[in-house]
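Q: Have a look; sequence and predicted model below, questions after that.
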Amino acid sequence: MAGEWAGLVGAGIVVVACVLAIFAAQIARQSPDSQHLLQVLQGPSAQHPLGTDEVGRDVLSRVIYGSRIPLGVGSAAVVLGGAIGVALGMISGYVGRWVDAVLGRVADIQLSIPAIILAVAFLALRGGGLLSLVVVLAATGWPTYYRVVRSHVISARTGNFVTALSVIAASHWRIMFRHLIPDALPLVVVTATLDFSRAVLLEAGLSYLGLGVQPPTPDWGLMVASGQTQLAGAWWISVFPGIALVLLLLGINLFGDWLADRVGRRTRSGVLQ
């Protein structure tokens, strides 16, 4: 029961973040880029519930608008990285032989290098921006999907169901797209949920380092970085976007753990073949 409540709380946090991102223009009372030089570094008040930053911008509005970048970039990276990983994992697990060996070594090599190192190297050479962030996050995330799908396909390929399909001369494409991929879908969804948390955190870290989203775009990682020099006198500039990021990661992980537990129970009970 505790797990069910944790999953519900996690889903609620993610839903709230998505609502804020989608309806930011209707929810935020002020523009996130409006500067008011006579209201610089004001603490939380009725007019500015989360205070103002070093150029008089409303922190609450920037936190609300800042939810768009991690959610949008993280979602796009998960979709792209998941598509690549699922496709390569399906091919590797089903074909086997030298194809499996080559793809497996590529995935192992990439997994042996910290994602932040690859991301920093790529963005330092190519430059920042939303497209670059999506590409680098997807490129560092696909091996996880690859390993999950490959293991599942290798296990299912030798099962009675796939053997029966081969006996009736079902094509390889039909077996993969009509049976193996739908069968692996629950595992892919769980992997995507957990990978989404990784993508959000890595995006925030890269923006904090100045390699992701660039000013004046509101972004939680960038806001934490811009306010770190003001922590002694204007702590709210960094603390509130940091809290928003922590809550989003908490919600994703709670929901992901609940989902993984559900899929694990279904697998143990024999629902997934």
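A: Yes, it's here. Numbering: from 1, shown residues only.

Q: and the longest helix along the chain, which residues are buried?
A: The longest helix of the chain (DSSP state H) is helix 236-268. By neighbour count with 16 or more other C-beta atoms under 10 Å, helix 236-268 contains the buried residues 236-242, 244-245, 248-260, 263. Bear in mind the C-beta positions are built from the backbone N, C-alpha and C, glycine included.

Q: What of stretch 29-36?
A: Neighbour-count burial for stretch 29-36 flags 30, 32 (criterion: 16+ other C-beta under 10 Å).

Q: First-to-last residue distance for it?
A: 14 Å (C-alpha to C-alpha, to the nearest Å).

Q: ok, the nearest residue to Gly96 once chain neighbours are set aside to Val95 distance?
A: Nearest residue to Gly96, sequence neighbours excluded (C-beta to C-beta, 6 or more residues apart in numbering): Ile154, at 7.8 Å. Plainly put, Ile154 is 11 Å away from Val95 if you go by C-beta to C-beta, to the nearest Å.

Q: Repeat that for Thr144.
A: Distance from Thr144 to Val95, by C-beta to C-beta: 20 Å.

Q: So which of the two has more stuff around it?
A: A count of neighbours by other C-beta atoms under 10 Å puts Thr144 above the other of Thr144 and Val95, at 20 against 15.

Q: quick one: contacts for that one?
A: 85, 191, 195 (C-beta atoms under 8 Å, 6 or more residues apart in numbering).

Q: Quick check, the last one in contact with Gly141.
A: I take that to be Asp195. Yes - the criterion here is C-beta atoms under 8 Å, and Asp195 meets it with Gly141 at 5.2 Å.

Q: Which neighbours do these two have in common?
A: By the contact definition C-beta under 8 Å, 6+ apart, Asp195 and Gly141 are jointly contacted by 78, 81-82.

Q: Mind putting the residues you listed into TSV with secondary structure and neighbour count?
A: Output for these, formatted as TSV (DSSP: H, G, I helix; E, B strand; the rest coil; neighbours: other C-beta atoms under 10 Å):
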residue	secondary structure	neighbour count
Val78	helix	25
Gly81	helix	27
Gly82	helix	23
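
Q: what would those residues look like in CSV with pLDDT and distance to Ile64?
A: Converted to CSV, the shared contacts of Asp195 and Gly141 look like this (pLDDT from 0 to 100; distance: C-beta to C-beta, whole Å):
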residue, pLDDT, distance to Ile64
Val78, 96, 22
Gly81, 95, 27
Gly82, 95, 28
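
Q: Quick check: Phe122 vs Ser75, distance?
A: Taking C-beta to C-beta, one finds Phe122 at 20 Å from Ser75.

Q: re earlier: sitting in helices, which of the contacts of Thr144 do you find?
A: Among the contacts of Thr144, DSSP H puts 85, 191, 195 in helices.

Q: Show me how to select, in ChimeraX, the buried members of those residues.
A: Entered in ChimeraX, the line below selects the buried ones among the ones in helices among the contacts of Thr144, by 16+ other C-beta under 10 Å:
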select :85,191,195
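
Q: ok, the ones in helices among the contacts of Thr144 vs Leu202, which is closest?
A: Checking the ones in helices among the contacts of Thr144 against Leu202 with C-beta to C-beta, the nearest one is Asp195 at 10.2 Å.

Q: who touches the closest one in this structure?
A: Applying C-beta under 8 Å, 6+ apart, the residues near Asp195 are 78, 81-82, 141, 144-145.

Q: now with 6 Å?
A: 78, 141, 144 (C-beta atoms under 6 Å, 6 or more residues apart in numbering).

Q: ok, now Phe122?
A: Contacts of Phe122 (C-beta under 6 Å, 6+ apart): Val136.

Q: Pretty sure it sits in a strand.
A: No - read with DSSP: H, G, I helix; E, B strand; the rest coil, Phe122 is helix and lies in no strand.

Q: Can you check the pLDDT for it?
A: Note on Phe122: pLDDT of 87.

Q: Name the residue closest to the centre of the protein, please.
A: Centroid-nearest residue in the chain, with C-alpha atoms, centre = their mean: Phe196, separated by 2.2 Å.

Q: Surely that residue is in contact with Val73?
A: No - the pair Phe196 and Val73 does not pass the contact test of C-beta atoms under 6 Å, sitting 10.6 Å apart.
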